[in-house]
Structure formats: C-alpha cells, structure tokens
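**Q** take a look and give me a structure for this.
(chains A and B)
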Amino acid sequence: MEEQGCPRCKTTKYRNPSLKLMVNICGHSLCESCVDLMFIKGSGTCPECGTALRRSHFRLQLFEDPYIEKEVDIRKMILKDFNKKEEDFTNLNDYNDYLEMIESIIYNLTNNIDVETTKRQIESYKKDNKDLIKKNKSKLSKDEEYLEMLIQQEKHESEVQRQLLQEDEARQKNIKLKNKEALIDELMFSEMAAADIMASHRELTKVTDTSSTLPKKAATEFSTGIKLGAQDTFIPLSKMDAGELYRYEPTQVFMCGPKCLSEEELVFQGYLNHVRRASDIDLGGGYKSVMACQRALQDSFCGLYYFPNTAS
Amino acid sequence: MSLFLHLYVITPPTLSGIITSMFSTSSQLKYWTFNGETELAELRKEANQRFIQEHESSISIEKQAKYFLTPGEEKLLIRHFEFILREFCVRFLPPMPKYVLGTALTYFKRFYVHNSVMDYHPRDIMLTSVYLASKVEEFNVNISQFVGNLKGDRDKFASIILGFELLLMDKLHYHLTVHNPFRPLEGFFIDLKTKFKGVEDVEKLRKGAEEFLDKSLATDACLLFSPSQLALAAVLSSGTKESMNLESYVTGVLLKGANEDEMRKTVYQIKRIRYIVKNQEPLQRDQIGHIQKKLEQCRNQENNPESEIYKRKLDEMFEEEEELQSKKRARMEEAQKKEEQLLLGK
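**A** Okay, here's the model as predicted:
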C-alpha cells in the first residue's frame, strides 16, 4: 500500500504523523502547510490540474482516496438541485430512471467524461424544474417528517420525565424536612425515652423512603422509532427441541447360559475358599480375588446355551 | 490377568464386576462360530474353487485336478501345520501360556476357512499367527526373541512374519479377541469345589480335562462350539475317565435353572464335542511330502516370499510409496514457492 502523502511537498504520514491532508472540489489533495503557502491570497490554481480554487473551499480529507472525496463533493452539489422525491413520480420506473440519471451525472463529473454536455444537461434540468426544486427545498420528505416527529415526541417525553423527577425530589425533601421537625418536636415534648422515639422514627422514614420512589417508565423505543427489544417480536426464537430426557437403564447382561452370581453372593457362598488369595501387593493394586473368581465363573456359564441353527 | 485388571479399572464399579467382553456378545460368536462341519467344509471348498478359477487360465482343464490341491489335500496339510504349530508353541522359550497357543491356533483355523492353502503357504501363516497371538494375549516377546526359536535364516523368517502380519489381521477382519476354553475350565473347577459335594478331589479331574482340551485343539471344535461348552465337555470327559459321576452336577447344580429344551440341547452339544474330539482322523504323514511338492508347483507365487514376483511386488510397493512421497514433497515445495512469490512479488 502506498503511503499517504502530499503530492507537492512529498511529506508522508510516516514522516509527519500530524500531517493533515486537505481536498478541494477538483479532488486533488494537498497538505495543510502547502495550502497555507499557496493560497496565501485566498485563491489559486491546483498544482495538479490547474483548476481555479478558493482557499475557503478546502476541507479536511476524510477518505484515504481523494477520488471518493471528490465524488462525495459532487454528489452533495448535484443532490442540492436534483431533489425530487418518490412522491413526485407517477410510477416506480420513472423514479428509478431519475435515480439512474443522477448517478450517471455524478459518475461523468467525477471521472471528467463529457463534462460540458453533462453540465449543460444539469443547467437545462435546473431550468425545467425550477419551481419544483424550490418547493422541494423547503419541503421535507415524509420520512424526514416522521423522524422529526419522533424526535419531537422523545424530547417531549424526556421533558415530562424530568419534570416528574424534579417534583418528586422536591416532595421528598419536604417530607424529610417535616419528619425532622416532627422528630425534634417529639423529642422536646414527648415523655417517651429518646431511644424509643428514634427507633420508631427511623421505621417511619424507611417506609416513606421506599414508597416515594417514582415508578420509572423505561424507554420503549429508540429515537428512530424502532421498539426496544423489538427483535423478539420480529424473529420468534425457534423452540429448542431437547428430545426426551435421558433415563438410566441398567445394562442387560446377555449370558446365553445360566445366571451368574454377584460378587456378594460369591463371597457369601464360600467360592473364595477355592481361589488363590490376593496378596498384599495385589490388594494394593486394587485387585480382589473375587474378581478373578467371578470372571472365571462368568466365562464358564456364558455361552453354555449356544446352539447352532441346525442342531436339533 | 493383566487384561482383566485393565478392563476392571475402566468399567465403573457399580456394574459389580460384570465384564462386557464376554463370548455371548463377541465377534467370535457373531462371525467365527459356524453352524456345523458341513458349513465349514463348504466354505473351505469355496476358497479352494475360487483360487483354482482365478489361476485356471494358465493350465488346461484335464491337468487341473493333478496340478491343483483338492480340498481334502488342503485339509490334510492344514492339520499337519496345526500339529507343527502346537509343537512349536510347546517348545517355545520362554514358556508360553496355553491361551496363546489356543489363540494362535484359532487364528490359523479362521484364516483357512476363507483362504486357500495354495494362496498363502501355511508355514508363513502359522508363524504369523503365533506372533500375532503372543501380542494380543500380552505375552511379550519381540521379533528377534521370537525368531530365536526357529532354525534357519532368522532374518528371513522375521521379514516373512512382519510382512504377513497385517495381511493376517485383515483377513481375520480384525476380530482379534479370542475366547479360549481355559478360563471357563477354571470356572467349572471353582464351581465344582464350592457347589458339588459328590466329588472328593476335584483336582483329580484337571489332568484329564486339560488333555481333552489339548486334543480338541486339533479339531475344528473352536469354530463350532462356545468355549464354555468345550470346557464342560472336558470336565465331563475327565469325570468318566476317573469314573466320577458328574451327571448330578450338570443336571442338579449347573443347569438347575434351565428349561427342558435348553438342558437337552446343551447335553447334545456336549455329546457332539466329545464325539468329535474322540473320533479324530489320524494325521497321514506319509502323504504330506507329496502334497507339499504339489503345493510348490501350484501355489500363488505372488504370495511366496522367496519368489521373484513377490520381491518385485514388494519393491514396486516401496517405489510407489516413495514416488508418492516425492510427488507430495514437490507439490508442497511448489506451493510454498508460489506463496513466497505472492508475498515478495507485489
């Protein structure tokens, strides 16, 4: 990527990080110091293309590409005159043609294609639609009106909210003051113990405190009119189908033979008297003689009832 | 036992020690227990026919019967090599537990249910079976130790075994867990000692029962019956030899909960096992030499580690692999270069 820099003094963003590029209507950029130097008189020509420029027309270059800068400039200028709205056309096709015409004009001007004819076209358009342009300039489109209205509404609402809050605050202050006075009165004239009075008083203020808070109305929509959290209503969440809950089922042992005894039964019925005793080392490793005993028995029972298909 | 411990550790104790690797849910029952000897014989015949059909084109039809092995000859040869396998395992150093032998023989038998002897020489498969079984059964022997038990060119044997190992596993469909009848036998001894008072010295039965199981290994019993039935048959056969009456144990204790049909069928199965084990045909050694000579002629040279074709195939495989590797490397280099150019070029 090429470094952004001033074409005249060749300063780049790298060498001077505070470099500010300016751009004028011709779409060629210059750095701030060059502009200062060259347009000391207030006007001059562009060093690139020789267009006559005014210093006041220089503005900060927003986009890296000066071409876009130029295009935005021209678009702004064109749209000032070509301000017809959709309502001004009888059908959609006409409106689309109109939009396309605008685009082609902008394109021609930014790319310096048939500048003269294009300019003539603009002039004639201006002449033909003089009244409409004037009228539309003062008139806001329906969308804009709606937005305006929404903003107004919001402003109004926030104003009301603010007022309510203020009132509430004032009232609370009053109550506090009154409470305080009542407390002092009571302390002065009552015959109860001071500690009791304080305690009952504290309870009272607590109650008033909690009740006095105003129920706050949460904002329900953005200034654009989109409801807060509206996406819930637009896109219903697809219900998650979690399927059936897992249910544990004990493993079924398919023995294909007589039933095998459990470890406890093996111990109880004295099977262990006939197998090798587990040594200390075996026990340390987690081995019990009943395991080997059960496995051997299981193996001898398992498959006893195996019969091939042909056996009768 | 180490396998058992391992399994126990990973099964939650709430299952109260029920082991999930049982015969009733095993691949052995599902894929490698056959209906009967006729089914086995047919499968073997099919394998034999398949091989002949694939290699028939090179030979005239009249000569076929003389040239190729018949299913009967194949059977004889397989039994001969089963015998050698057992001898090899018994003499193996360090001494080998019985279940390794059982597993190795089972692999060997399973392999030749679907494959012809002419396709893969039983000598190669036999060695590989034992080697694989020793691994699966956690009898730790490395390959140099293993071939130390062999006479002759040990490096050659090592390369044969390692070369056929993957093939063997593939042909077994990776069903490597084998349920042998040895542990069930122990189970029956424990059960007899605890539950049956009709015999004084149960240990007397051990010798006869183990002999019976040894004999059963020479038959197809492990492809036809469940290991527990084999073990029970061994116990009962030993009981008859020692003239102990174990009938009341079977009907009164072991199968007490069984219904009539189950009882009858189980007894029938036991009888069949005893018949099969008892009535084995003797090995016909005098024919073996002739069959082996015939085999040398008709065997598939592509699977003969000593043949030129085999060596060439192996070389090609390596070359292909190397070629693939180098192609891959070149492609990667190219891609990297392009990337660098993209980075630098613009």
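
**Q** quick one: contacts of the strand or helix carrying B:L127?
**A** B:L127 belongs to helix B:122-136 when elements are defined using DSSP states H and E. For helix B:122-136, the external contacting residues (Cβ atoms under 8 Å, 6 or more residues apart in numbering or on different chains) are B:77-78, B:80-81, B:84-85, B:88-89, B:92, B:96, B:100-101, B:103-105, B:107-108, B:111-112, B:139-141, B:143, B:146, B:150, B:157, B:160-161, B:164-165, B:168-169, B:176-178, B:305. For every residue, glycine as well, the C-beta is placed using N, CA and C.

**Q** ditto for stretch A:4-23
**A** Residues outside stretch A:4-23 that contact it (Cβ under 8 Å, 6+ apart) are A:3, A:28-35, A:38, A:47-48, A:58-61, A:64, A:66, A:69-70, A:73.

**Q** how does it look with 10 Å?
**A** A:2-3, A:28-39, A:47-48, A:55, A:57-66, A:68-70, A:72-73 (Cβ atoms under 10 Å, 6 or more residues apart in numbering or on different chains).

**Q** A:K85 versus A:I74, what's the distance?
**A** Using Cβ to Cβ, to the nearest Å, A:I74 is found at 21 Å from A:K85.

**Q** show me what the helix or strand where B:L76 lies is packed up against.
**A** Taking DSSP H and E as the definition, B:L76 sits inside helix B:71-90. Contacts defined by 3 or more Cβ pairs under 10 Å, 6 or more residues apart in numbering or on different chains; DSSP states H and E place helix B:71-90 against helix B:37-55, helix B:98-114, helix B:122-136, helix B:204-217, helix B:285-298.

**Q** still on that earlier bit, are any of the contacts of helix B:122-136 buried, and if so which?
**A** B:77-78, B:80-81, B:85, B:88-89, B:92, B:96, B:100-101, B:103-105, B:107-108, B:111-112, B:139, B:141, B:146, B:157, B:160-161, B:164-165, B:168-169, B:176, B:178, B:305 (16 or more other Cβ atoms under 10 Å in any protein chain shown).

**Q** what sits against the nearest residue to B:Q292 once chain neighbours are set aside?
**A** In space, and not counting its chain neighbours, B:Q292 is closest to B:L77: 7.2 Å by Cβ to Cβ, 6 or more residues apart in numbering or on different chains. By Cβ under 10 Å, 6+ apart, the contact set of B:L77 is B:69, B:112, B:117-118, B:121-123, B:287-288, B:291-292, B:294-295.

**Q** same deal with A:I281?
**A** Contact analysis of A:I281 by Cβ under 10 Å, 6+ apart lists A:Y287.

**Q** with B:E82 instead?
**A** Contact partners of B:E82, counting by Cβ under 10 Å, 6+ apart, are B:A104, B:L105, B:F108, B:K109, B:Y112, B:P122, B:M126, B:L217, B:A218, B:T219, B:L283.

**Q** and the second one, what does it touch?
**A** So the one you mean is B:L105. For B:L105, the contact set (Cβ under 10 Å, 6+ apart) comprises B:82, B:85-86, B:89, B:126, B:129-130, B:133, B:178, B:180, B:217-218, B:222.

**Q** report the two of those residues separated the most.
**A** B:M126 and B:N180 (18.0 Å; Cβ to Cβ).

**Q** tell me which helix or strand A:P7 sits in.
**A** Using DSSP H and E, A:P7 sits within no helix or strand.

**Q** for it, phi and psi?
**A** Note on A:P7: its backbone torsions stand at phi -70, psi -20 [degrees, to the nearest 10].

**Q** ok, now the one 4 residues further on?
**A** Dihedral angles of A:T11 (phi, psi; degrees, to the nearest 10) stand at phi -70, psi 140.

**Q** and A:E123, how far from chain B?
**A** 46 Å (Cβ to the nearest Cβ, to the nearest Å).

**Q** helix or strand right after the helix or strand containing that residue?
**A** A:E123 belongs to helix A:115-128 when assigned by DSSP H and E. Later in the chain than helix A:115-128, the nearest helix or strand by DSSP H and E is helix A:130-138.

**Q** now do the contacts for the residue of the stretch 51-200 of chain B found nearest chain A.
**A** Closest to chain A within the stretch 51-200 of chain B is B:G187: 3.0 Å, counting by Cβ to the nearest Cβ. Contact partners of B:G187, counting by Cβ under 10 Å, 6+ apart, are A:260, A:292-302, B:228, B:231-232.

**Q** swap the cut-off to 7 Å and go again
**A** B:G187 sits next to A:A296, A:L297, A:D299, A:S300 when contact means Cβ atoms under 7 Å, 6 or more residues apart in numbering or on different chains.

**Q** now, which of these lie close to chain B?
**A** Filtering these for proximity to chain B by Cβ under 7 Å from any Cβ of the partner chain leaves A:A296, A:L297, A:D299, A:S300.

**Q** what's the nearest residue to B:H80 if we skip its chain neighbours?
**A** Nearest one to B:H80, counting by Cβ to Cβ, 6+ apart, is B:I288 at 5.0 Å.

**Q** can you give me the neighbour number for the one you found?
**A** When neighbours are defined as other Cβ atoms under 10 Å in any protein chain shown, B:I288 has 17 of them.

**Q** how close does it sit to B:D155?
**A** Look at B:I288 and B:D155: by Cβ to Cβ, they are 27 Å apart.

**Q** ok, now B:L192?
**A** Distance, B:L192 to B:D155, using Cβ to Cβ: 50 Å.

**Q** and the two? Which one has more around it.
**A** Ranked by neighbour count (other Cβ under 10 Å), B:L192 and B:D155 place B:L192 first, with 23 against 10.

**Q** contacting residues for the closest residue to that one other than its chain neighbours?
**A** Using Cβ to Cβ, 6+ apart and skipping residues adjacent in sequence, the residue nearest B:L192 is B:V202, 4.8 Å away. B:V202 sits next to B:F189, B:L192, B:K193 when contact means Cβ under 7 Å, 6+ apart.

**Q** does chain A have contacts with the longest helix along chain B?
**A** Ranked by residue count and defined by DSSP state H, the top helix of chain B is helix B:308-345. No. In terms of Cβ under 7 Å from any Cβ, no part of helix B:308-345 sits within range of chain A; the closest distance is 14.3 Å.

**Q** buried ones in that helix?
**A** Applying 16+ other Cβ under 10 Å to helix B:308-345 flags B:Y310 as buried.

**Q** hmm, back to that, can you check the pLDDT for the residue nearest to B:Q292?
**A** Listed pLDDT for B:L77 reads 93.

**Q** relative to B:G152, how far out is it?
**A** Distance, B:L77 to B:G152, using Cβ to Cβ: 20 Å.

**Q** look up phi and psi at B:S243.
**A** phi 50, psi 50.

**Q** what count of nearby residues applies to it?
**A** When neighbours are counted by other Cβ under 10 Å, B:S243 comes out with 6.

**Q** separation between it and A:R202?
**A** 104 Å.

**Q** ditto for B:K215
**A** Separation of B:K215 from A:R202 (Cβ to Cβ): 101 Å.

**Q** could I get the contacting residues of the residue nearest the centre of chain B?
**A** The centroid of chain B falls nearest to B:Y107 when counting by Cα atoms, centre = their mean (1.5 Å). Residues in contact with B:Y107 (Cβ under 7 Å, 6+ apart) are B:S129, B:L132, B:A133, B:L168, B:L172.
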